[in-house]
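Peer 1: quick check, what structure comes out for this input:
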Amino acid sequence: MKYSVLRPLALASLIANAALIVTGAAVRLTGSGLGCPTWPKCTDDSYTTTSEMGVHGMIEFGNRLLTFVLVALAFATFFAALLNRPRRKSLIVLSVVVALGIPGQGIVGGITVLTNLNPWVVGIHFLLSIALIAGCYALWRRIDEGDAKPIPLVPAPIRHLAWITASVSLAVITVGVIVTGSGPHAGDQGAKRNGLDPATISQVHADLVFLLIGLSVALWFALRAINAPAHTIRAAGVLILVEFGQGIIGFVQYFTHLPVLLVAAHMLGAAITWTATLAVLWSLRTRPQQEAPNPTETLTPYESVTA
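Peer 2: Residues are numbered from 1 along each chain as shown. Next up, the predicted model:
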């Protein structure tokens, strides 16, 4: 078996996990968080939604069904990695991590229902989706790489700047989750909020966004200054564009009192921003198929930095 099967399966898993964020947003923004008021059943007597539960039950149950799609894709990807020749342990391990993470995500989703949409649990549910996106992205990119030691394409200080940028990107997403937990979109009229002042936590979120954009722009200029590979500079440029788009959506939604369509777009934007961040990190190094017989003959200008 060649990668022709494994690659699209890994990409489909990545897209589906991003889609879970969108369907989760639909559940929250339509007030359907308790459309199925219990878990793992939808009602005390049924695993599926009933006509009496109306549209809210259908929306919540539809979100639960997507979990089964994710599980199917994850296990299909695992078996594709297992049957691939030559068999690569790295791909199998990553596929197992993703496959195990999705049921874990489903359990946390169940806990959110059983805790009546506790905003902190809901936030963990979202951040687990971010972690799964990272796992799926790593699997997808590793398919085209070898298993030799990574070779850096830029010097260490710039790699450090990139990792700082990625850390701030994750912080922006995390604080954004807390902002959502303080706002009006609780997923159900009876769900509690986290008790934080929305204006204050939104200001912290905005400050981190400005920091992230500043770091990303600095990274782009630094990459150009050292004449980094074109795909690395391009990845940093795409990240800046995505951040600006996401920032615009965020500011517009805040000053228009959080209309549901913009909030949903902003949540999708968080997944896209995170993926663009991962793309930058991935572009900083290459990974050959196997170790070179004589490493001194294949050193990049920056490999000695990490030796």
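
Peer 1: wait, Trp282 sits on Arg142?
Peer 2: No. Counting by CB atoms under 8 Å, Trp282 stays clear of Arg142, with 9.4 Å between them. No exception for glycine: its C-beta is placed from N, CA and C like everyone else's.

Peer 1: where does the prediction get shaky in the stretch 1-150 of the chain?
Peer 2: Applying pLDDT under 70 to the stretch 1-150 of the chain flags the ranges 1-3.

Peer 1: quick one: the helices in it?
Peer 2: 3-29, 54-83, 89-114, 119-142 (DSSP state H, counting those that start in this stretch).

Peer 1: now for Thr232, how many residues are close by?
Peer 2: 24 (other CB atoms under 10 Å).

Peer 1: quick one: buried residues of stretch 12-26?
Peer 2: Buried residues in stretch 12-26, defined by neighbour count with 16 or more other CB atoms under 10 Å: 12-14, 16-21, 23-26.

Peer 1: just stretch 31-51 next, same as before
Peer 2: 31-37, 42, 49.

Peer 1: and those residues, which two are furthest apart?
Peer 2: Gly31 and Cys42 (16.6 Å; CB to CB).

Peer 1: possible to save the buried residues of stretch 31-51 as JSON lines with distance to Ala131?
Peer 2: Formatted as JSON lines, the buried residues of stretch 31-51 follow (distance: CB to CB, whole Å):
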{"residue": "Gly31", "distance to Ala131": "27"}
{"residue": "Ser32", "distance to Ala131": "24"}
{"residue": "Gly33", "distance to Ala131": "21"}
{"residue": "Leu34", "distance to Ala131": "25"}
{"residue": "Gly35", "distance to Ala131": "26"}
{"residue": "Cys36", "distance to Ala131": "24"}
{"residue": "Pro37", "distance to Ala131": "27"}
{"residue": "Cys42", "distance to Ala131": "27"}
{"residue": "Thr49", "distance to Ala131": "29"}
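
Peer 1: how many residues are close by Gly187?
Peer 2: 25.

Peer 1: actually, Val217.
Peer 2: Neighbour tally, Val217, other CB under 10 Å: 16.

Peer 1: pLDDT at Leu258, what is it?
Peer 2: Note on Leu258: pLDDT of 87.

Peer 1: ignore what I typed, I meant Leu196.
Peer 2: pLDDT, Leu196: 93.

Peer 1: am I right that it is in a helix?
Peer 2: No. Read with DSSP: H, G, I helix; E, B strand; the rest coil, Leu196 is coil and lies in no helix.

Peer 1: ok, Thr180 - contacts?
Peer 2: Contacts for Thr180 were tallied using CB atoms under 8 Å, 6 or more residues apart in numbering; they are 119, 123, 126, 263.

Peer 1: please apply the same query to Glu145.
Peer 2: Counted by CB under 8 Å, 6+ apart, Glu145 has contacts 286-287.

Peer 1: one more time with 7 Å, if that's ok
Peer 2: Contacts for Glu145 were tallied using CB atoms under 7 Å, 6 or more residues apart in numbering; they are Arg287.

Peer 1: next: Trp120.
Peer 2: Taking CB under 7 Å, 6+ apart, we find Trp120 in contact with 181, 194.

Peer 1: kindly report the same for Ser169.
Peer 2: Per CB under 7 Å, 6+ apart, neighbours of Ser169: 212, 273-274, 277.

Peer 1: which of those lies closest to Gly176?
Peer 2: Thr273 (9.8 Å).

Peer 1: element containing that closest one, please.
Peer 2: helix 260-282 (DSSP states H and E).
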